[in-house]
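> Pasted the sequence and its predicted model underneath.
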Amino acid sequence: MRLVLIGPPGAGKGTQAVMLFERLGILHLSTGDILRENVKKGAPIGKKASSFMEKGELVPDDIVIEMMLDKVRSSNADKGFVLDGFPRTIYQAKKMDEALKDLKIPIELVVYFETTLKTIIFRLTGRRLCKECGANYHIVNMPTKKPGVCDKCGGELYQRKDDNEETIKTRLEIFNNQTKELIDYYRDKGILREMSGDLDADVVYKELAGIVRVR
Ligand code: AP5
């Protein structure tokens, strides 16, 4: 299955993509994670991207497209993948479609998680991540057994710099002004499914995995 997850910040794209990877073995490619890894390493892409990310703005198309297509080409993408956070503009979507058509691995399904503002703010302000392994938690919805300590590896938890109310507002504006157009783009191609992103992670996963398995 070659899948794209679309949704506003905090819709649960990353959470669902990790569940698909852990339970069904589907390769997870997250633009945000790859960019953050490059920032952490001080790599050239990270240096170019970090100021945009901290402000909640989109990293320029050319940087992101090149980075993601390289990643797809160097992974076992012919066995299927889930793209989380990419594409985010019509330009990115068209470039990706051209490249995946050449590789004979076009996108088969796009899932849009429609999510309310209340959910988004609650989830993002409460999100915590592990500094070591990247595991994703929420202080209320998905707390660790020991506060501030990762259940999986014992690493220290931190809050993303862009998870503050002001930056969340910018990210949402960008989603509404630039990314939402993708919904019609994929609906016109006949590969869009819409789901509520507000439901519990297990409920969302059940519906998502049901669709993925029958394809
Ligand atoms: P990115 O990391 O992709 O951020 P985002 O799209 O804003 O999405 P989030 O990671 O915030 O949310 P999510 O939907 O994955 O939610 P999650 O599962 O973590 O991008 C960051 C930045 O990188 C961008 O702002 C931009 O600068 C740049 N960038 C990335 N892609 C780009 C592109 N294509 N082009 C240009 N620039 C790009 O869940 C959130 C929280 O809620 C967690 O705590 C989780 O535990 C909890 N939770 C999740 N689901 C549920 C549920 N169902 N019930 C209860 N709690 C839940």
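Looks like it came in fine. Numbers count the residues shown, from 1 in each chain.
> give the contact list for the residue in the chain positioned nearest to the ligand.
Of the chain, the residue with the smallest distance to the ligand, taken as Cβ to the nearest ligand atom, is G32 at 1.9 Å. Yep, even glycine has a C-beta here, placed from its N, CA and C like the rest. Remark: with contacts taken as Cβ atoms under 8 Å, 6 or more residues apart in numbering, G32 is in contact with G14, D84, G85.
> Tell me the spatial nearest neighbour of the first one, not counting adjacent residues.
Among residues not flanking G14 along the chain, D84 sits closest, at 5.6 Å (Cβ to Cβ, 6 or more residues apart in numbering).
> Got the phi and psi for that neighbour?
Note on D84: its backbone torsions stand at phi -120, psi 110 [degrees, to the nearest 10].
> For it, give me its contacts.
L5, K13, G14, A17, H28, L29, S30, T31, G32, D33.
> Give me the pLDDT for it.
Looking at D84, its pLDDT reads 97.
> Same question for A77.
pLDDT, A77: 88.
> just checking, it touches I105?
Yes. The pair A77 and I105 qualifies as a contact (Cβ atoms under 8 Å) at a distance of 5.8 Å.
> State the next helix or strand along the chain beyond the helix or strand harbouring I34.
Under the criterion DSSP states H and E, the helix or strand holding I34 is helix 31-41. Beyond helix 31-41 in the direction of the C-terminus, DSSP H and E gives the next helix or strand as helix 44-55.
> how far away is the nearest residue to S30 once chain neighbours are set aside from K131?
In space, S30 comes closest to D84 once its chain neighbours are excluded; the distance is 4.2 Å by Cβ to Cβ, 6+ apart. Taking Cβ to Cβ, to the nearest Å as the measure, D84 and K131 are separated by 20 Å.
> Alright, I will stop here.
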